[in-house]
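In: Please work out how this folds:
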Amino acid sequence: QLQASGGGLVQAGGSLRLSCAASGRTFRGYFMGWFRQAPGKERELVAAISWSGGVIYYAGSVKGRFTISIDNAKNTVYLQMNSLKPEDTAVYYCAAGPRLADKMRDIDYWGQGTLVTVSS
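Out: Take a look at the predicted model:
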């Protein structure tokens, strides 16, 4: 089970930190990803990290502004979002999949979404 939290309303230029708590099974060997879906748009992979933390991916639109991290002891994945822009407004989902290929096309577990709204 994946439980996402931390969304909210923030002004442009502000910051938010999303959390994704994993429970119910071990996710060792999985890739943990943060996806987002804006109204009228397809869901896209924003950032991903291997459970070991050794492999990290960022979408070009967030590189340099977002940081993904993992706390294995707490079974929690974080997404620190800085310098937020109105175009970052979306529902953000955490997910777990067996591979990073094709922007984590294969997902075994989805968390519920958390809404991030960035006002201009």
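In: where does the protein have its least confident helix or strand?
Out: Comparing every helix and strand of the chain by mean pLDDT, DSSP states H and E singles out helix 101-104 as the least confident one, with a mean of 90.
In: In contact with the residue of the chain positioned farthest from its centre, which residues?
Out: In the chain, the greatest distance from the average C-alpha position (Cα atoms, centre = their mean) is reached by Ser120, at 22.2 Å. Contacts here follow Cβ atoms under 8 Å, 6 or more residues apart in numbering; on that basis Ser120 touches Ala12, Pro86. Glycine gets a C-beta too; all of them are placed from N, C-alpha and C.
In: Roughly how far does it sit from Gly8?
Out: Taking Cβ to Cβ, to the nearest Å as the measure, Ser120 and Gly8 are separated by 16 Å.
In: do Cys94 as well
Out: With the distance defined as Cβ to Cβ, Cys94 ends up 16 Å from Gly8.
In: Those two: who's more crowded?
Out: Ranked by neighbour count (other Cβ atoms under 10 Å), Cys94 and Gly8 place Cys94 first, with 27 against 13.
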